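S.K.: coordinates for the following, if possible.
(chains A and B)
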There are 2 protein chains.
Amino acid sequence: MSETTETGQPKIREKGRLMSASEIERTLVRLAHEIVEKNDGGSNLGLVGIRRRGVPLAQRIGDLIAKIEKHPVDTGVLDISFYRDDLSTDGPRPKVTPGAIGFDVTGRDIILMDDVLYTGRTIRAALDALFDHGRPKSVQLLVLIDRGHRELPIEATFVGRSIPTSSREIIEVKLSEVDGQEQVLLVELVD
Amino acid sequence: MSETTETGQPKIREKGRLMSASEIERTLVRLAHEIVEKNDGGSNLGLVGIRRRGVPLAQRIGDLIAKIEKHPVDTGVLDISFYRDDLSTDGPRPKVTPGAIGFDVTGRDIILMDDVLYTGRTIRAALDALFDHGRPKSVQLLVLIDRGHRELPIEATFVGRSIPTSSREIIEVKLSEVDGQEQVLLVELVD
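M.R.: Numbering: from 1, shown residues only, chains lettered A, B, ... in the order given. Okay, the predicted model is just below:
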């Protein structure tokens, strides 16, 4: 994340499209069914999307589960921002922004959702934030893309697609609610 | 953990021996080789055992790696105690006891070690404690036994043996340094 042009944008080259809009849609439908199967219908479920792209994922999967199981599903939002401190030697650090999730997580089976799983540091920050809000019965993790390179012993329970990457490659998830387009791209930092 | 006799001891029945002393020894040798292979010789490694039975595991595996790679390996201790608060609905909660680990974890590839991985709550508490002590480059998790029933998205990088259990069953790891005997038992809570 240190390579930037004079305008402050990272210099990146698109290497290919990993998922189309219809592939994303099919994957989310499959994940919704997996969640329902593993959680016995899901009446105790609460979905929490990590801002930004975890939020539309949680909303869409919540809608899909509601359609499959004919009951509404609580859906909330967790705000995580990133900062680089003066001592940082390993990239930006995730930091939780205080704010309501939108429902009480205590006693609930929470599914935390994010677009990309990488080092695991964001998820650790999100777990801390969740437990600051209450005491969930359990927390499962859903990610659209697992790109590997874990630096903490965090693994997702539900994975859209596992895509091994080099550390110079970046996965860009584009969702219509956030980006006005719908696809997953593999891009590479260039010198 | 709520069934107790009048003397305060849980009523348990031994169901079988899962590992003998020699099986434990062979498994630790294999795990030491796995760690060295995955960590490129392991010169940046630091091993941290979770008290109580993670501590002899860290010491033994540290000795094995030192023998394989011909260099010493830093080995430290993390103290976690358990308490049941008045609001608890899901068993005792892990709590970190302040105290030195024994070496500086900052910038190091830490392998956190425990005897049994179950809900993942102890590991989450241990991660918090580790990061209170410094900023490791990465944290990998080693457990002798993974008994399933995860309640958090935590997974071990190195597993001695995966043993699916019912929630009434308990895995008892006995290590000579702590228990004066060496074996892994499957026991069951009885009414």
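
S.K.: which residues touch residue A:104?
M.R.: Shown in contact with residue A:104 (C-beta atoms under 8 Å, 6 or more residues apart in numbering or on different chains): residue A:134. For the C-beta atoms, the positions are set from N, CA and C on the backbone; glycine is no exception.

S.K.: that one: what secondary structure?
M.R.: When classified by DSSP: H, G, I helix; E, B strand; the rest coil, residue A:104 comes out as coil.

S.K.: output stretch A:20-30 as CSV, restricted to C-alpha atoms.
M.R.: C-alpha atoms of stretch A:20-30 as CSV (Å, rounded to 0.1, in the frame of the first residue of the first chain):
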residue,chain,number,x,y,z
SER,A,20,-18.7,-11.7,-12.8
ALA,A,21,-22.0,-10.3,-11.4
SER,A,22,-23.8,-13.6,-12.0
GLU,A,23,-21.0,-15.6,-10.4
ILE,A,24,-21.2,-13.4,-7.3
GLU,A,25,-25.0,-13.8,-7.1
ARG,A,26,-24.8,-17.6,-7.4
THR,A,27,-22.1,-17.8,-4.8
LEU,A,28,-24.2,-15.7,-2.3
VAL,A,29,-27.2,-18.0,-2.9
ARG,A,30,-25.0,-21.1,-2.1
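
S.K.: which parts of chain A are strands?
M.R.: A:12-19, A:45-50, A:74-78, A:80-83, A:93-96, A:109-117, A:138-146, A:158-162, A:169-174, A:183-189 (DSSP state E).

S.K.: what residues of the first one count as buried?
M.R.: Okay, so that is strand A:12-19. Within strand A:12-19, the residues scored as buried using 16 or more other C-beta atoms under 10 Å in any protein chain shown are A:12, A:18, A:19.

S.K.: for chain A, what lies in contact range of chain B?
M.R.: Contacts of chain A with chain B, taken as C-beta under 8 Å from any C-beta of the partner chain, map to A:87, A:89-90, A:107, A:112, A:123-124, A:127-128, A:135, A:137-141, A:150-157.

S.K.: from residue A:182, how far off is the nearest residue in space to residue A:184 that is not next to it in sequence?
M.R.: Residue nearest to residue A:184 in three dimensions, not counting chain neighbours: residue A:19, with 3.8 Å by C-beta to C-beta, 6 or more residues apart in numbering or on different chains. For residue A:19, the distance to residue A:182 (C-beta to C-beta, to the nearest Å) stands at 9 Å.

S.K.: coming back round to it: pLDDT score for the residue nearest to residue A:184?
M.R.: On the pLDDT scale, residue A:19 is placed at 98.
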